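Participant: Predicted coordinates and the sequence they were generated for:
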Number of protein chains: 2
Amino acid sequence: MAKPQDQQLVEQWRSIQTTYFHTAGALERALEAKFSIGLTEFEILDLVAENTDEACRMKQLGERTPMTQSAMSKVVDRLDKAGLISRHSCEDDRRSLFLELTDAGRALHREAAVEHRALLRENLAKD
Amino acid sequence: MAKPQDQQLVEQWRSIQTTYFHTAGALERALEAKFSIGLTEFEILDLVAENTDEACRMKQLGERTPMTQSAMSKVVDRLDKAGLISRHSCEDDRRSLFLELTDAGRALHREAAVEHRALLRENLAKD
DNA sequence: ACAACTTATATGACGCGTCATTGAATGACA
DNA sequence: TGTCATTCAATGACGCGTCATATAAGTTGT
């Protein structure tokens, strides 16, 4: 009854799910344990850290991640409260926000990134 | 500063995340809209439907999905309350549960699976 | 048969993401 | 300039998953 094509699709999907869950879980636990931040928090830090050149609006970041606008807003809020990021409203358009790493944020990101990359290497290695 | 190797890893990871979120989101919305069940509910139905031959303990299912034992338990609970699945405690070991699709569950799964496969095909196609 | 340990599932507190909505600022256009 | 629509971000209600436990059943060793 089950078409072999479909079966292959399902297996491909399960494989994606499995690596996603395993990897995300490992990242989550390690970052939480060593740096007291969640994975999504780190990912925002990581995105902001990449944009050293250009000022960095929330909207722009939203386009680089599958996160919801709402999720972004809350993550940024947590990062702000944790003192890792600062929000500056922009003069041109007072609806927009610019994000910037604080010194603490930059320092934490530098260390956490090492761990992050290492875990990705472990989990995504195609052996 | 950023090693190109690392950069590639990060991109690989983001790509996985993106396809995971997009696909899961699409599945979630479609299944919810057309069949009033969540993605995880469907996935359990799907697993149980596969095991027609052998009686199917929760424990076994747990090994085929990245879901937590706790998550499984709650999903199965919802499916039971929705009348799509039934739980029979096993005589040999009264800690274990056997799961079985109800007629309603089997019918819903048959229809939903078509939608599910179609969406996987759309989203996972390597164009 | 009794303790101590292990295994299978359920449950409660909690955190996070999502949806829908709100508030505020901007744009478009008559 | 006034009105209406649009855009950016924040918020509250809600659902689901996770962790740490609880409950119950089976296992082992003496």
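Facilitator: Everything's here; your move.

Participant: CA atoms for contacts and neighbours, from now on please.
Facilitator: OK.

Participant: what helix or strand does the spatially most central residue of chain A sit in?
Facilitator: For chain A, the residue nearest the mean C-alpha position is A:Glu43 (1.9 Å; C-alpha atoms, centre = their mean). A:Glu43 is part of helix A:39-50, with elements assigned from DSSP states H and E.

Participant: Just checking the distance from that helix to the centre of its chain.
Facilitator: Here helix A:39-50 shows a centroid-to-chain-centroid distance of 5 Å under the convention C-alpha atoms, centre = their mean, to the nearest Å.

Participant: backbone phi and psi for A:Ile37, please?
Facilitator: A:Ile37 has phi and psi values of phi -130, psi 150 when expressed as degrees, to the nearest 10.

Participant: Quick check: the gap between it and A:Glu115.
Facilitator: 13 Å (C-alpha to C-alpha, to the nearest Å).

Participant: Looking at these two, which is more packed in?
Facilitator: Per other C-alpha atoms under 10 Å in any protein chain shown, whichever of A:Ile37 and A:Glu115 has more neighbours is A:Ile37, with 19 against 16.

Participant: Flag every residue of chain A that's near DNA strand C.
Facilitator: Residues of chain A lying close to DNA strand C (C-alpha under 7 Å from any atom of the strand) are A:38, A:40, A:67-68, A:70-71, A:74-75, A:91-95.

Participant: is stretch A:23-38 up against chain B anywhere?
Facilitator: No: Stretch A:23-38 is not in contact with chain B by C-alpha under 8 Å from any C-alpha of the partner chain; minimum separation 9.0 Å.

Participant: Buried residues, that stretch. List them.
Facilitator: A:23-24, A:26-31, A:37-38 (16 or more other C-alpha atoms under 10 Å in any protein chain shown).

Participant: what about it, average pLDDT?
Facilitator: Mean pLDDT, computed over stretch A:23-38, is 94.

Participant: Can you give the contact residues for it?
Facilitator: Applying C-alpha atoms under 8 Å, 6 or more residues apart in numbering or on different chains, the contact partners of stretch A:23-38 are A:39, A:108, A:112, A:115-116, A:119-120, A:123-124.

Participant: From the residues you listed, pick the one nearest B:Ile16.
Facilitator: Nearest to B:Ile16 out of the contacts of stretch A:23-38 is A:Leu124 (C-alpha to C-alpha; 10.0 Å).

Participant: Can you tell me how far the closest one is from DNA strand C?
Facilitator: Distance, A:Leu124 to DNA strand C, using C-alpha to the nearest atom of the strand, to the nearest Å: 21 Å.

Participant: A:Leu108 too?
Facilitator: In this structure, A:Leu108 and DNA strand C are 17 Å apart, going by C-alpha to the nearest atom of the strand.

Participant: And A:Ala26, by the same measure?
Facilitator: 15 Å.

Participant: swap in A:Glu63?
Facilitator: 13 Å.

Participant: now A:Gly62
Facilitator: With C-alpha to the nearest atom of the strand as the criterion, A:Gly62 and DNA strand C are 11 Å apart.

Participant: quick revisit: from the residues of chain A next to DNA strand C, pick out the ones that also neighbour DNA strand D.
Facilitator: Okay, of those touching DNA strand D (C-alpha under 7 Å from any atom of the strand), that's A:70-71, A:74, A:95.
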